[in-house]
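Engineer: next comes the sequence, and after it the predicted model I'd like to discuss.
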Amino acid sequence: MDYLLRVEKSAEHGLIDFLKFLLENDRIGGVFTLRKTGADGAFDYGLIHDTALLEDAIPLHPFMPVNAAQDLSHFASMKKPIAVVIRPCELRAFIELVKRSQGSMDHFLMISYTCGGVFPFDVAVSGEPEKELPDYWESVARGQIFPKTRETCRACEHFVPMNADVTVSLIGETVNEVCIFCIHTEKAMHLAEGFESKRIEAELESPAIETLRRERQEEKKKLFENTVIRVNGLDGMIDMFGKCIGCHGCSRVCPICHCILCDFESHLFDYEPSMIEDELYRKGGVRLPTDTVLYHIGRLNHMSFSCVGCGMCTEVCPAGIPVAAIFMRTGEETAQLFDYLPGRDVEEEVPVTVYKEEELSTIGED
Amino acid sequence: MKEPFHPKIVSFLCKWCTYSGADLAGTSRMQYPPSILPIRVMCSSRVNPVFVIKSYLSGSDGVLIGGCHPGDCHYQSGNYHTRRRIAILKKVFDSIGLETERVRLSWISASEGSKFARISEEFTGKIESMGENPTKKKVFL
Ligand code: SF4
Ligand code: SF4
Ligand code: FES
């Protein structure tokens, strides 16, 4: 049922108008969007009911303070629908959470956009991220990778949203002149009824999107090859995760890691002094904090097939470990075992929660 | 003279099948190598992959997971889940360059004492040919 609507305003203003329209006509109860927090370029996510507060909304700016999926799971059943403006990877992560009974799509109008990637924290909090914006939007218009975006954004081929109700077209567009919405669902069609815009005959897919997809795939290949070199074998793992200080920041910010009873936060690995002493004499030394390599291999097993490559874990790592690239690469391999793509379809079940009687016949048979 | 290598293989054995199979091998006085260090679990699906990784990183030369044959799990589907988890674990090991052959999943029923003895033999032989688990020598792991 996809069709396009065109508004003769910048993409961001067109979108804010649309959100205002939805609020003013009482079609939604609130808007979840990125907003300016202060004068120094700080930003965060906010839930807005009062239309005056939309003044500070910057829904399309290339920032990701947190992966929004975990936020959304906190208000998954409100009385009125909430319009949500998030990136394709955040939406995919939310789908992964919905599969795990951590949320529901019903109460949201999901608005996403063809995504040019986000700035790493150091650029985003530099105090003058605005300086980068003209060049950023120019790359977006050309369908090119913007070099100052996150490592995993540059390698992300899923930048056209899956499962959105509305997609704002950015890649290939002159975003300061025009705002183009693609309406995907009936829900969106009903909510948008009466919104001032022009219906146009065109498609979301474009040569710019194809160019960018090819560029990103190339970049992903390079990133993965480079990751294999950096993390290979026991020595590679020790080199890489020997730097890990065990803060668990990477799993805290990971949208997929929602388990309250995480093995690694539990007392499972709180050792008795005697166990540490035992290792001390057996090996001649002990590394502290313990189990950082175990933690990462464990997480790779528990959730890598659901990794959406949002890059949050790399952003927060104080030790400079490229966690996201590592999880994205291994995650692609573990997901492929089951033809799985995280965030593609709510009906597609999480690989470790289901099984087929006839499969994996080489494992266990002898 | 170099000490001969006697592998240690941490073995998570399902109580209903493989562990009973091991018992049967014992009561039937079948020979099998002393490398197997059995840990009884209520079902192969009780084995969190983290247990396997912890064993591996703590220097276990091999890790064996033994469960009921597909279709025979006493909790209906536990072993099907185990199979997926071990498939993922091997894929993860492979992807980060660790030796997948040190981990083995085998279906051995309570009546298959001789199969238990054979798998123990075979797996021990395989591990002997691979040599010691390199994690043993890594102090700061
Ligand atoms: S954020 Fe970095 S230092 Fe902290 S646990 Fe993760 S990898 Fe280790
Ligand atoms: S592992 Fe890292 S990149 Fe993957 S979903 Fe979690 S935070 Fe995002
Ligand atoms: S009871 Fe034996 S594998 Fe589940």
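Structural biologist: Now that the structure is in, tell me what you want to look at. Ligands and ions are numbered 1, 2, ... in the order given.
Engineer: any part of stretch B:55-72 near chain A?
Structural biologist: Yes - for stretch B:55-72, a contact with chain A is found by CB under 8 Å from any CB of the partner chain, at B:57, B:67, B:70-71. C-beta here means a position set from N, CA and C on the backbone, and glycine is covered the same way.
Engineer: would you pull up the residue in chain B closest to ligand 1?
Structural biologist: Of all residues in chain B, B:I96 sits closest to ligand 1, at 14.3 Å by CB to the nearest ligand atom.
Engineer: was I right about that residue contacting A:V231?
Structural biologist: Yes - look at B:I96 against A:V231 with CB atoms under 8 Å: they come within range, at 5.6 Å.
Engineer: spit out the residues that contact these two alike.
Structural biologist: Taking CB atoms under 8 Å, 6 or more residues apart in numbering or on different chains as the criterion, B:I96 and A:V231 both touch A:M237.
Engineer: and the next element down the chain from the longest helix seen in chain A?
Structural biologist: Scanning chain A for the helix with the most residues, using DSSP state H, yields helix A:207-230. Following helix A:207-230 in sequence order, the next helix or strand is helix A:233-241 (DSSP states H and E).
Engineer: any idea of the angle the longest helix of chain A forms with helix A:233-241?
Structural biologist: In terms of direction (axes from the mean of the first three to the mean of the last three CA atoms, to 10 degrees), helix A:207-230 departs from helix A:233-241 by 110 degrees.
Engineer: hmm, back to that, neighbour-wise, which one of the residues of stretch B:55-72 next to chain A leads?
Structural biologist: Per-residue neighbour counts (other CB atoms under 10 Å in any protein chain shown) across the residues of stretch B:55-72 next to chain A peak at B:G67, which has 31 neighbours.
Engineer: report the beta-bridge partners for that one.
Structural biologist: Beta bridges link B:G67 to B:W107 when assigned by DSSP bridges.
Engineer: what pLDDT is listed against it?
Structural biologist: Note on B:G67: pLDDT of 97.
Engineer: go ahead and confirm it touches B:T18.
Structural biologist: Yes - judged on CB under 8 Å, B:G67 makes contact with B:T18 at a distance of 6.2 Å.
Engineer: shared neighbours, these two?
Structural biologist: Jointly contacting B:G67 and B:T18 under the rule CB under 8 Å, 6+ apart are B:44, B:106-108.
Engineer: so which of the residues you listed is the closest to chain A?
Structural biologist: For the shared contacts of B:G67 and B:T18, the closest approach to chain A (CB to the nearest CB) belongs to B:W107, at 5.1 Å.
Engineer: OK, contacts around the closest one?
Structural biologist: Residues near B:W107 by CB under 8 Å, 6+ apart: A:364-365, B:17-18, B:66-70, B:79.
Engineer: do A:F63 as well
Structural biologist: Going by CB under 8 Å, 6+ apart, A:F63 touches A:34, A:43, A:118-119, A:124, A:129.
Engineer: still on that earlier bit, which among the contacts of B:W107 count as buried?
Structural biologist: Among the contacts of B:W107, those classed as buried by 16 or more other CB atoms under 10 Å in any protein chain shown are A:364, B:17-18, B:66-68, B:70, B:79.
Engineer: what helix or strand is the residue nearest to B:F123 when sequence neighbours are not counted on?
Structural biologist: Using CB to CB, 6 or more residues apart in numbering or on different chains and skipping residues adjacent in sequence, the residue nearest B:F123 is B:R104, 5.6 Å away. Using DSSP H and E, B:R104 maps to strand B:103-107.
Engineer: low-confidence ranges in chain B?
Structural biologist: Chain B contains residues with pLDDT under 70 at B:1.
Engineer: tell me which stretches of it form helices.
Structural biologist: Going by DSSP H, chain B shows helices at B:18-27, B:49-57, B:78-95, B:113-130.
Engineer: now tabulate these in a markdown table and tack on distance to A:I238.
Structural biologist: Below are the helices of chain B laid out as a markdown table (distance: least, CB to CB, whole Å):
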| stretch | distance to A:I238 |
| --- | --- |
| helix B:18-27 | 33 |
| helix B:49-57 | 10 |
| helix B:78-95 | 15 |
| helix B:113-130 | 20 |
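Engineer: so for ligand 2, which of these sits nearest?
Structural biologist: Comparing these by CB to the nearest ligand atom, helix B:78-95 comes nearest, at 13.4 Å.
Engineer: between the contacts of A:F63, which has the most around it?
Structural biologist: A:V118 (25 neighbours).
Engineer: just the element for that one, please.
Structural biologist: Using DSSP H and E, A:V118 falls within no helix or strand.
Engineer: what about it, distance to A:C317?
Structural biologist: 16 Å (CB to CB, to the nearest Å).
Engineer: before we move on, the earlier item: now, which of the contacts of B:W107 sits nearest A:D56?
Structural biologist: For the contacts of B:W107, the minimum distance to A:D56 (CB to CB) is 55.1 Å, reached by B:N79.
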